[in-house]
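**Q** pasting the sequence and the predicted model now:
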Amino acid sequence: MAADYDRNARIYDRLIGNRLYNRLVWGTSPRDYSDFATEALASADGPFLDAGCGTLVFTAEPYGASPRPLTLVDGSQGMLDKAAERLGESSANLRRADLFDLPFEPGGFTTVACHGVLHVLAEPWRALASLRAQLAPGGTFFASMLVRDRAVGRAYLEMLQRAGEVGPPRSEAELAAAARDVFGDSGRVTRTGSMAWLRASAA
């Protein structure tokens with residue numbers, strides 16, 4: 001799938017960055033995504049990891065303004081190239097890596113974010129556990145995931161699954177249950193339209 005994103009990074013940008021697409025299909029706004037990233041950046045100090053950063057279509061502005069040491073990881077070089085283009089002279093560290101095999105020592109980040117990636121994966125809950133291992137004690141975790149709770153979004157997710165673009169559609173309740181398994185009582189899930197937002201912390 002990474003090769004597909006390499007070829008289609010710019011097409012992907014134009015689609016998911018479109019306000020009308022987000023409002024009609026997912027019941028959200030690009031501002032929702034940018035605000036969530038800003039909240040993640042403001043949640044702590046120290047090293048910050050975005051696992052599955054994509055092209056930074058929603059996050060380049062807050063990332064470019066942040067004083068935190070940023071490590072931005074994606075499995076697609078095409079996505080990373082577009083992200084680097086957006087960031088310009090930023091000191092962020094962009095790395096190509098597999099979310100399930102990150103090249104970092106455990107516990108090295110005070111915040112880990114995973115924006116709009118979990119629904120793409122066949123095993124999203126295994127990804128939560130993998131990312132939890134990257135958090136320093138007391139660190140903060142932020143993830144967003146498209147869920148099937150809204151009829152229009154559910155139909156579109158099912159279409160994308162048939163096309164091999166996403167994993168099996170999950171619900172807000174399933175994400176909340178998985179978050180409890182990984183983060184205990186610190187996990188909190190809310191939802192806007194078809195997008196669920198997970199906030200948690202490491203003990």
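**A** Yes, it's here. Residues are numbered from 1 along each chain as shown.

**Q** give me the pLDDT for the residue lying closest to Phe58 once chain neighbours are set aside.
**A** In space, and not counting its chain neighbours, Phe58 is closest to Tyr33: 3.9 Å by C-beta to C-beta, 6 or more residues apart in numbering. The way it works is simple: take the backbone N, C-alpha and C, and place the C-beta from them, glycine included. Note for Tyr33: predicted pLDDT of 96.

**Q** buried residues, the strand or helix carrying Tyr33. List them.
**A** With secondary structure defined by DSSP states H and E, Tyr33 is part of helix 30-42. By neighbour count with 16 or more other C-beta atoms under 10 Å, helix 30-42 contains the buried residues 30, 32-34, 36-38, 40-41.

**Q** go ahead and flag the most central residue of the chain.
**A** Centroid-nearest residue in the chain: His115, 1.5 Å away (criterion: C-alpha atoms, centre = their mean).

**Q** quick check: which helices or strands does the helix holding Tyr33 pack against?
**A** Helix 30-42 sits against helix 60-65, strand 109-115, strand 135-146, strand 195-201, with contacts defined as 3 or more C-beta pairs under 8 Å, 6 or more residues apart in numbering; DSSP states H and E.

**Q** make CSV out of the ones you listed and add distance to Ala155.
**A** Below are the helices and strands packed on helix 30-42 laid out as CSV (distance: least, C-beta to C-beta, whole Å):
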stretch, distance to Ala155
helix 60-65, 31
strand 109-115, 23
strand 135-146, 12
strand 195-201, 16
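
**Q** which of the ones you listed sits most buried?
**A** Ranked by mean neighbour count under mean count of other C-beta atoms under 10 Å, the helices and strands packed on helix 30-42 are led by strand 109-115, which reaches a mean of 25.

**Q** next helix or strand past that one?
**A** Next along the chain after strand 109-115, taking DSSP H and E as the criterion, comes helix 124-132.

**Q** now do the end-to-end distance for stretch 160-170.
**A** Terminal residues of stretch 160-170 lie 13 Å apart, using C-alpha to C-alpha, to the nearest Å.

**Q** how near is Ser130 to Leu24?
**A** Distance check for Ser130 against Leu24: by C-beta to C-beta, to the nearest Å, it reads 33 Å.

**Q** low pLDDT regions in the chain?
**A** 1-12 (pLDDT under 70).

**Q** which element is the residue sitting furthest away from the middle of it on?
**A** Here the centre of the chain is the reference, and by C-alpha atoms, centre = their mean the most remote residue is Glu89, at 23.0 Å. For Glu89, there is no helix or strand it lies in under DSSP H and E.

**Q** circling back: looking at Ser130 and Leu24, which is more packed in?
**A** Ranked by neighbour count (other C-beta atoms under 10 Å), Ser130 and Leu24 place Ser130 first, with 20 against 11.

**Q** list the contacts for the more buried one?
**A** 99-100, 102 (C-beta atoms under 8 Å, 6 or more residues apart in numbering).

**Q** hmm, back to that, so what's the residue nearest to the centre of the chain bridging to?
**A** With DSSP bridges as the criterion, His115 is bridged to Ser144.
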